[in-house]
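Asker: Pasting the sequence and the predicted model now:
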Amino acid sequence: MIRLEHIFKWYSVAGTKSFILKDINLTIEEGDFISIMGPSGSGKSTLLNVIGMLDEPNEGKYFFMDEDVLTMKPKKRTQLFQSHMGYVFQSYHLIDELTVYENIETPLIYKNISSSERKSIVSDLLDRFNIVGKKDLFPAQLSGGQQQIVGIARALAGSPKLLLADEPTGNLNSKQGEEIMDLFKQLNEDGVTIIQVTHSEKNAEYGKRIIHMLDGQLK
Ligand SMILES: Nc1ncnc2c1ncn2[C@@H]1O[C@H](COP(=O)(O)OP(=O)(O)O)[C@@H](O)[C@H]1O
Ligand SMILES: [Mg+2]
């Protein structure tokens, strides 16, 4: 499903290259569940952003479902993302001007799903995550944990084949965190490929494979 070959990412600081990703080679098969661990600043979010097509490396090749991601037109890349990927951001990235309901509905509008079907999908998700009572609130009216739950519901709305999650339980209490990990496990059993970044050993164990990063390299 995913093939990264010799991926490098750097920033030029005062004329010298500061490497964020250094020669990343990684193959991920459909159905896998990967946990990425590593100290803060080791490049985990950058790697996830490259996989999620939100960031471009300076060098290397990236194939997603046999398509060459780095040479395709931006429009095609966006389509590929919208049809196959769901992304849970560390800092939620909810749209402030939209309600909880509308935030979850957004990816479905991009996917051209009919309004009645959208309504049924969003209602199911609101139910599943116990946030029916919050549906007309705006992100600023929610706690961090609640915003994260909305972010997860939004990522799942389009039934993605690949779920990318950057510290998805970082702002949740331990019970909520465990519920999310159980949900990820279930989704994976149902065929969704998952890549999560986590600081928690316990959460990492939910994955089938744990990848360690240090100073921009896979260990
Ligand atoms: N725009 C940028 N300019 C310079 N350095 C950056 C920029 N964005 C991220 N970095 C650096 O890249 C490194 C890796 O960041 P990140 O991928 O967020 O790590 P992690 O998610 O593992 O904490 C950090 O040292 C960070 O400071
Ligand atoms: Mg990070």
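Answerer: Happy to help now that I have it. Ligands and ions are numbered 1, 2, ... in the order given.
Asker: Residues touching the helix ranked longest in the chain, excluding its own?
Answerer: Ranked by number of residues, the top helix in the chain under DSSP state H is helix 174-189. If you take CB atoms under 8 Å, 6 or more residues apart in numbering as the criterion, helix 174-189 is touched by 31, 33, 145, 149, 152, 156, 163, 165, 168-169, 172, 194, 196, 200, 203, 206, 208. Glycine gets a C-beta too; all of them are placed from N, C-alpha and C.
Asker: Okay, buried residues for it please.
Answerer: 176-177, 179-181, 184, 187-188 (16 or more other CB atoms under 10 Å).
Asker: could you dump the residues you listed to TSV with pLDDT and distance to L218?
Answerer: Compiled in TSV, these are given as follows (pLDDT from 0 to 100; distance: CB to CB, whole Å):
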residue	pLDDT	distance to L218
Q176	87	30
G177	91	25
E179	89	30
I180	91	25
M181	95	23
F184	96	22
L187	95	25
N188	98	21
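Asker: Between which two of the residues you listed is the distance greatest?
Answerer: Set against one another by CB to CB, the buried residues of helix 174-189 have their most distant pair in Q176 and N188, with a gap of 18.7 Å.
Asker: re the thing from before, just how off-centre is the longest helix of the chain within its chain?
Answerer: Relative to the mean C-alpha coordinate of its chain, helix 174-189 is positioned 15 Å out (CA atoms, centre = their mean, to the nearest Å).
Asker: which strands and helices sit next to whatever helix or strand comes next after that helix?
Answerer: Downstream of helix 174-189, the first helix or strand assigned by DSSP states H and E is strand 193-197. Packing contacts for strand 193-197, counted by 3 or more CB pairs under 8 Å, 6 or more residues apart in numbering; DSSP states H and E, involve strand 33-37, helix 44-51, strand 162-166, helix 174-189.
Asker: Output the ones you listed in TSV, with distance to ligand 1 appended to each entry.
Answerer: Shown next, in TSV, are those (distance: least, CB to the nearest ligand atom, whole Å):
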stretch	distance to ligand 1
strand 33-37	8
helix 44-51	3
strand 162-166	7
helix 174-189	18
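Asker: H6 is nearest to which of those?
Answerer: helix 44-51 (12.4 Å).
Asker: Taking strand 162-166 as reference, get the angle to that closest one.
Answerer: Put simply, helix 44-51 runs at 160 degrees to strand 162-166, going by axes from the mean of the first three to the mean of the last three CA atoms, to 10 degrees.
Asker: Let the chain start at 898 from now.
Answerer: Shifting the count to begin at 898 puts that one at helix 941-948.
Asker: Beyond helix 941-948, next helix or strand please.
Answerer: Helix 941-948 is succeeded, C-terminally, by strand 956-961 (DSSP H and E).
Asker: what sits against the residue lying closest to Y908 once chain neighbours are set aside?
Answerer: Using CB to CB, 6 or more residues apart in numbering and skipping the chain neighbours, the partner closest in space to Y908 is S915 (5.0 Å). Residues in contact with S915 (CB under 8 Å, 6+ apart) are 907-909.
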